[in-house]
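In: take a look and give me a structure for this.
(one chain, ligands or ions: 2)
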Amino acid sequence: MEDLINSSIIKGIAFCTYDKFGPQPIYMFPKPTELGETESFNKDKDINNHISLTVRDYTQIAIKNLSLLIGDGSIFQKSDLGDFKYFGIIPFPDFDATSLTFYHFISTTFNDLPLATAFCILVDENKRSFFYNNINRLKEIILNFFTLFDKKIIDNYKPQEEIEKDFKEIITQIVEIEKKPSTLISTNRKMKIICAGLDDSGKTSFLLSVNRKFSKLIGLKPTRGAKITSIEALGANIFLWDLGGQLSLRKKYINKAQIYLFEADLIYYFIDIKSRNRFKESIDYLQNILEVLDKMNQKTPIILILTKGDPDIIDTFLIKDNLQIIKKELGVLFNNKPLEIHVTSIFEIFTILRAFSSGLAKLSPNRDLIKHNLDILSQGSGSLLALLLSMEGLVLADYFSPDAKNLINVPTNEDLVNIFELSAPEFTRLFKIFSRYKSGGVNEAIFNVSNSVIYFKKIMLTESIMYLLFLLEDENSKSEIIKKLPNFIENTQDLVIRYIS
Ligand SMILES: Nc1nc2c(ncn2[C@@H]2O[C@H](COP(=O)(O)OP(=O)(O)OP(=O)(O)O)[C@@H](O)[C@H]2O)c(=O)[nH]1
Ligand SMILES: [Mg+2]
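Out: Ligands and ions are numbered 1, 2, ... in the order given. Below you'll find the predicted structure:
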C-alpha cells in the first residue's frame, strides 16, 4: 500500500467520520507516523516525495473536512441525508496539499445520528489540476467504491488491516487515471471555453460584455476564423474561443474539430431568439457539433444561450412563441435531456453574467457544497431568494425558498430558475445602485420592494470580495442572517478559493 501511494501523485488518503466522539480519522494511508517524529514533515519529504503524517495531522485534516460539512450542526435536521453526496476540493496549506473530499452519510447501528463521513484524497497543492481535469472519472470511482464500502461498517469500524485491500483497489483505479490523464497534470488550470453559433447570433457581443467585467484582460489573439481571448476569473485562466459563425467557417470547425473543439471544457451555443427563420440552420449546426464531439468521445457540457431577448420585446407574443418553438426543437435534439437554457440581452448585463456563471459552475466540483452552505444560511431565516455573487457579478450559488413562488406570481409549475429570470432586472438595478457605495466602505444596503426587503451584503471570503443578495420577507430576517453569517463565511471561503482552479 505504501509503495502504491509513493508511486502516485496521491500523498495520502483518509476516511474520517463524525460520530459521538466528534470528528476523527478512522482509516489512514499511509499509516500515521509516530507523534513527534516528524514535526515539519512537509519540509522534510524524502526522495519518494513521500510525506509522513502523524495521527495529529490526520486529526487536523478530519476536523477541517468535517467542520465544513457539519457547520453549526443544523445539517442533522435535514430529512434527506441519505441522498446527500457532495464533493469538494479543499485547500490544506499547512500540508502543501489539496484534497478531493467526498461527503456522505451512513446509517449505522452504533451511532444514533446518521454517520457524517469525509473521504479525502490528498495531492500536492501544485498537482491539484489532476482533480479538476478528471473530476467525472474520479467521482464515478468514489461513488462506486462507497456503495459497497458503506455496508462493511454498518455494525462497527473494521480494523484498518481488514479493509486495506478495499482502499488499495480504489487507489489502484486512481493511479490508472493518472497514467492515462484526460489532460496533462500542470500547475495551473487552463480552461478552453468555446462560443459557437450562427453568424449574427450575438457571440462577440456576449463576450465583450463578459470581458468588460474582468479587469485582467490578458490579451487579444486573432486566429483565422476563431478569436481567442483570455481572462482570469475565480483563479483560473480561461481561454474564450469566439468561433465566427459564417457558413464557410462553420464547415472548417467541424472538419477540423480536433483543433477547434478538442478538449473544450465547455461550450456556449448561441441562438438569436428573434430570427425564427434561421432556427433550423442553427439546430443543424448544433447537431453537427454534437456529432463530432461524440466521435471524439468528448462529453463537453453545453450551455444554450438565446440572445437578443431584450426587455422591451421579451414579453411579446412573437418572442414567447419563438421561445417555445426553439425549446421544443432543442428538446428533440437532446432527446429531452434536462437542458440549461438562458435568455440574454446585451441591455441586461446581469442576464449575460448569469448565463456565463452557470457555465463556470458546471466546471466547479465545489458548486454543490457552496450551494448547500447558502441553503443552510438562507433556510429558516425568512429568505425567499439568495445569491452569492463574485465581485464581477458572477453567480456562485443561488437559493430559492418554496415561498418565493407565491411571492413572485408565476404559474405554479414554472421552473424556479425562471423566477430568477423575472426578478433579475430588479437585482440588476440594485447591483448598480450598490456599486456606487463600494468606495465609501459601506458594506450593506437595504431596499424595500413592495412588501418585501432586498438585503445586499458585502463579505470577504479569504481575500476576495463577494456579495450576498437576499430577498427577505421583512427586515427582521436580517438579524438571523447576520447571526449565521460567520459560520457561512468560515465554511465557504476555502470552497471558493478552489472553485474552478
Ligand atoms: N438587440 C440586441 N442586439 C444584439 C444583442 N446581442 C447582439 N446583438 C446584435 O447582433 C448583431 C450581431 O452580434 P455579434 O455579437 O457580432 O454576433 P456574432 O455571433 O459574433 O456574429 P459572427 O461573428 O458573424 O459569428 C450586432 O449588431 C449586435 O449589436 C442583444 O442582446 N440584443
Ligand atoms: Mg463575432
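
In: show me how the protein divides into domains.
Out: Under the assignment automatic domain parsing, the domains of the chain span 2-179, 190-362, 367-497.

In: next one: the first one to chain centre, how far?
Out: Centroid separation between domain 2-179 and its chain, computed with CA atoms, centre = their mean, to the nearest Å, is 21 Å.

In: make TSV from the domains of the chain and add mean pLDDT to it.
Out: Below are those laid out as TSV (pLDDT from 0 to 100):
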stretch	mean pLDDT
domain 2-179	86
domain 190-362	89
domain 367-497	77
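
In: ligand 1 contacts on the stretch 201-350 of the chain?
Out: 201-205, 244-246, 270, 307-308, 310, 345-346 (CB under 6 Å from any ligand atom). Just so you know, the C-beta spots here come from the backbone N, C-alpha and C atoms, and that holds for glycine as well.

In: between those, which has the most around it?
Out: For those, the largest number of neighbours (other CB atoms under 10 Å) sits with Phe270, at 28 neighbours.

In: which is the succeeding secondary structure element to the helix or strand containing that one?
Out: Assessed by DSSP states H and E, Phe270 sits inside strand 266-272. Next in sequence after strand 266-272, counting helices and strands by DSSP H and E, comes helix 279-295.

In: that next one: what's the following helix or strand?
Out: Counting by DSSP H and E, the element after helix 279-295 in chain order, helix or strand, is strand 302-307.

In: would you map the strands across the stretch 251-400 of the chain?
Out: Per DSSP state E, counting those that start in this stretch, the stretch 251-400 of the chain carries strands over the ranges 266-272, 302-307, 341-343, 383-390, 395-400.

In: now the ones you listed as a markdown table including distance to Asn491?
Out: Formatted as a markdown table, the strands of the stretch 251-400 of the chain follow (distance: least, CB to CB, whole Å):
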| stretch | distance to Asn491 |
| --- | --- |
| strand 266-272 | 27 |
| strand 302-307 | 28 |
| strand 341-343 | 29 |
| strand 383-390 | 12 |
| strand 395-400 | 12 |
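
In: out of these, which gets nearest to Val210?
Out: Taking CB to CB, strand 266-272 is the member of those nearest to Val210, at 9.9 Å.

In: isn't Ile497 up against Gly235?
Out: Yes - the pair Ile497 / Gly235 is scored as a contact, 7.0 Å apart, by CB atoms under 8 Å.

In: and Thr101, helix, strand or coil?
Out: What DSSP: H, G, I helix; E, B strand; the rest coil gives for Thr101 is strand.

In: show me the contacts for it.
Out: 65, 68, 87-90, 118-121 (CB atoms under 8 Å, 6 or more residues apart in numbering).

In: how far away is it from ligand 1?
Out: Thr101 sits at a distance of 40 Å from ligand 1 (criterion: CB to the nearest ligand atom, to the nearest Å).

In: quick check, Gly197 in contact with Gly244.
Out: No - at 10.0 Å, Gly197 does not count as touching Gly244 under the criterion of CB under 8 Å.

In: so for those two, which residues contact both of them?
Out: Lys203.

In: does Asn237 really touch Lys192, like I thought?
Out: No - using CB under 8 Å, Asn237 is not in contact with Lys192; the gap is 10.0 Å.

In: ok, those two, which is more surrounded?
Out: Lys192 (19 against 15).

In: what helix or strand does Met28 sit in?
Out: Assigned by DSSP H and E, Met28 falls within strand 22-29.

In: where do the strands sit along the stretch 101-250 of the chain?
Out: With DSSP E, counting those that start in this stretch, the ranges of strands along the stretch 101-250 of the chain come out as 115-124, 190-197, 217-222, 226-233, 236-243.

In: for the closest residue to Ile254 other than its chain neighbours, give its distance to ligand 1.
Out: Leaving out its chain neighbours, the residue that sits closest to Ile254 by CB to CB, 6 or more residues apart in numbering is Asn288, at 5.0 Å. To ligand 1, Asn288 is 15 Å away according to CB to the nearest ligand atom.

In: likewise for Ala196?
Out: According to CB to the nearest ligand atom, Ala196 and ligand 1 sit 9 Å apart.

In: same question for Asn487.
Out: Here Asn487 is placed at a distance of 40 Å from ligand 1 (CB to the nearest ligand atom).

In: over to Asp155?
Out: 60 Å.

In: now for the nearest residue to that residue once chain neighbours are set aside, how many residues are close by?
Out: Using CB to CB, 6+ apart and skipping residues adjacent in sequence, the residue nearest Asp155 is Thr109, 5.2 Å away. Applying other CB under 10 Å, we find 7 residues neighbouring Thr109.

In: again with Tyr269
Out: Neighbour number of Tyr269 under other CB under 10 Å is 23.

In: in the sheet, who's paired with it?
Out: Ala196, Leu304 (DSSP bridges).

In: show me where the stretch 1-150 of the chain has helices.
Out: 2-6, 55-70, 129-133, 135-152 (DSSP state H, counting those that start in this stretch).

In: which one of those helices lies closest to Ile231?
Out: With CB to CB, the closest approach to Ile231 among the helices of the stretch 1-150 of the chain belongs to helix 129-133: 17.4 Å.

In: for that closest one, packing partners?
Out: Contacting helix 129-133 under the criterion 3 or more CB pairs under 8 Å, 6 or more residues apart in numbering; DSSP states H and E is no other helix or strand.

In: alpha carbons only: can I get that helix in CSV?
Out: Extracted C-alpha coordinates of helix 129-133, given in CSV (Å, rounded to 0.1, in the frame of the first residue of the first chain):
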residue,chain,number,x,y,z
SER,A,129,-5.4,20.3,-11.6
PHE,A,130,-5.5,16.5,-11.6
PHE,A,131,-8.7,16.7,-9.7
TYR,A,132,-10.4,19.3,-11.8
ASN,A,133,-9.4,17.7,-15.1
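
In: am I right that Ile500 falls within a helix?
Out: No - counting by three-state DSSP, Ile500 falls outside a helix, being coil.

In: contacting residues around it?
Out: Ile500 touches 132, 189, 191, 234-236, 360, 363-364, counting by CB under 8 Å, 6+ apart.

In: show me which of those residues are buried.
Out: The neighbour count (16 or more other CB atoms under 10 Å) marks 132, 189, 191, 234, 236, 360, 363-364 as buried among those.

In: neighbours of the nearest residue to Gln24 once chain neighbours are set aside, how many?
Out: What sits nearest to Gln24 in space, not counting adjacent residues and going by CB to CB, 6+ apart, is Ala62, at 5.5 Å. Counted by other CB under 10 Å, the residues lying close to Ala62 total 23.

In: would you confirm that Ala62 contacts Cys16?
Out: Yes - under the criterion of CB under 8 Å, Ala62 makes contact with Cys16 at 3.6 Å.

In: common neighbours of those two, please.
Out: 23-25, 118.

In: want to throw these into CSV with neighbour count?
Out: Putting these into CSV (neighbours: other CB atoms under 10 Å) gives the following:
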residue, neighbour count
Pro23, 21
Gln24, 15
Pro25, 23
Ala118, 29
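
In: and which of those residues is nearest to ligand 1?
Out: Proximity of the shared contacts of Ala62 and Cys16 to ligand 1 (CB to the nearest ligand atom) peaks at Ala118, which lies at 44.2 Å.

In: residues in contact with the closest one?
Out: By CB under 8 Å, 6+ apart, Ala118 lies in contact with 15-17, 62, 65-66, 69, 101-103.

In: got CSV for those, with distance to Asn322 too?
Out: Listed next are the contacts of Ala118 as CSV, based on distance: CB to CB, whole Å:
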residue, distance to Asn322
Phe15, 53
Cys16, 52
Thr17, 53
Ala62, 54
Asn65, 48
Leu66, 50
Leu69, 45
Thr101, 44
Phe102, 43
Tyr103, 43
